[in-house]
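Q: Show me how the following folds:
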Amino acid sequence: MPDWINILIRSLVSFAAMFLFAKVIGKRQLSQISFFEYIVGIAIGDMAAIIADNIDGPIYHGLLTMFVYTVLPLFLSWLALKSKGARDFFEGKARVLIQDGKILEDNLKKERMSTDELLEHLRTRNAFKVADVEFALMEPSGSVNVLLKSENQPMTAKKMGWQVAPEVAPQTVIMDGNIIDESLATLGFNRAWLKGELQKQGVAIENVYLGQVDANGALYLDLFDDLVKVPEPQNLKLTYITLKKSQADLELYALSVEDEQVKKAYEREAKQLQKTIEQLKPLLTR
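A: You can find the predicted model right below:
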């Protein structure tokens, strides 16, 4: 057999074996890999190259070595799951770099991290001043997680005591000018409803690059022509305005009538509607 054919066959076999062993090791080879797994991945890749190039030795010798390097990390991962001591030994422990706003220089030295590197890690977490950081921790994977001080953390609806609607993934109902009926059915809508919404915005279906419907039934459109801007749906805001107008009308009726019973009834309904508006406001004005 010519050498070039032998090399071609061995290359295909080693590539297939490397792909198979990488699948067996799992997705951790692609994300959140440990230093040990990183070394194993390099070793398996080198072995695959050696198998393809070393035409004098039996191919199964290299495949056996790749198999051993695949099974070993799987066994160590299983051992780490069963024992915290083994997990700390093989994967390492997290180390505190900043505590109570104070940099722990000794821990930086243990991680062989310079001040510039620490500042770089903080900037990737949108912390440009050390004084803004309450706590920073270096994970075994090498990433640094940061907890900002309370006064520097982003404001959230929970902190403000607001009630907000849960976020639901929008459904794509139009893609490349084509209607996706399955997504419409998931939302409980049909093509007639979609065409009616498009007519309200004065858009033809063939001009729509992407159309999505959120949990509130609002349709958002992106057109092929980037120069044309489609107005955002105002259904929720219009509902809020209508409720406010109705509440104001009830108060006006209460002032205009002379019958005390009718006046009290209008006032009572106005107060009840006001309470309802206050409860719905975070949902209608977001």
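Q: so what's the closest residue to residue 97 other than its chain neighbours bridging to?
A: Leaving out its chain neighbours, the residue that sits closest to residue 97 by Cβ to Cβ, 6 or more residues apart in numbering is residue 136, at 4.5 Å. Just so you know, the C-beta spots here come from the backbone N, C-alpha and C atoms, and that holds for glycine as well. On the basis of DSSP bridges, residue 136 is bridged to residue 98, residue 146.
Q: pLDDT below threshold where in this structure?
A: For the chain, applying pLDDT under 70 flags the ranges 1, 4, 24-37, 90, 157, 162-167, 227-238, 282-286.
Q: Beyond the host helix or strand of residue 64, next helix or strand please.
A: If you go by DSSP states H and E, residue 64 is part of helix 59-82. Using DSSP H and E, the helix or strand that follows helix 59-82 in sequence is helix 84-91.
Q: between that next one and helix 59-82, how big is the angle?
A: Helix 84-91 runs at 130 degrees relative to helix 59-82, counting by axes from the mean of the first three to the mean of the last three Cα atoms, to 10 degrees.
Q: Just the CA coordinates for helix 84-91, please, in PDB.
A: Only the C-alpha atoms of helix 84-91 are listed here, as PDB (Å, rounded to 0.1, in the frame of the first residue of the first chain):
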ATOM      1  CA  LYS A  84     -15.300  16.600  48.300                       C
ATOM      2  CA  GLY A  85     -11.700  16.000  49.300                       C
ATOM      3  CA  ALA A  86     -11.000  14.500  45.900                       C
ATOM      4  CA  ARG A  87     -12.800  17.400  44.300                       C
ATOM      5  CA  ASP A  88     -10.700  19.900  46.100                       C
ATOM      6  CA  PHE A  89      -7.500  18.000  45.200                       C
ATOM      7  CA  PHE A  90      -8.200  17.600  41.500                       C
ATOM      8  CA  GLU A  91     -10.200  20.700  40.700                       C
END
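Q: The helix holding residue 64 - contacts with which helices or strands?
A: helix 3-25, helix 35-53, helix 84-91 (3 or more Cβ pairs under 8 Å, 6 or more residues apart in numbering; DSSP states H and E).
Q: list the contacts for the residue nearest to residue 97?
A: Residues near residue 136 by Cβ atoms under 8 Å, 6 or more residues apart in numbering: 96-98, 118, 121-122, 144-147.
Q: of these, buried ones?
A: 97-98, 118, 121-122, 144, 146 (16 or more other Cβ atoms under 10 Å).
Q: measure residue 262 to residue 250 for me?
A: Applying Cβ to Cβ, to the nearest Å, the value for residue 262 to residue 250 is 11 Å.
Q: Check residue 273 too.
A: Between residue 273 and residue 250 the computed distance is 6 Å (Cβ to Cβ).
Q: What of residue 17?
A: The value you get for residue 17 to residue 250, if Cβ to Cβ is used, is 77 Å.
Q: what does residue 270 give?
A: Separation of residue 270 from residue 250 (Cβ to Cβ) stands at 4 Å.
Q: hey, what's residue 222 bridged with?
A: With DSSP bridges as the rule, residue 222 is bridged to residue 210.
Q: My guess is it contacts residue 203. True?
A: No: applying Cβ atoms under 8 Å, one finds residue 222 not in contact with residue 203, separated by 10.5 Å.
Q: Would you list the phi and psi of the residue nearest in space to the middle of the chain?
A: For the chain, the residue sitting closest to the mean C-alpha position, by Cα atoms, centre = their mean, is residue 169 at 11.5 Å. When read as degrees, to the nearest 10, the backbone of residue 169 gives phi -60, psi 130.
Q: Kindly report the same for residue 113.
A: With angles defined as degrees, to the nearest 10, residue 113 sits at phi -110, psi 130.
Q: Would you mind confirming that it is in contact with residue 97?
A: Yes: using Cβ under 8 Å, residue 113 is in contact with residue 97, at 7.5 Å.
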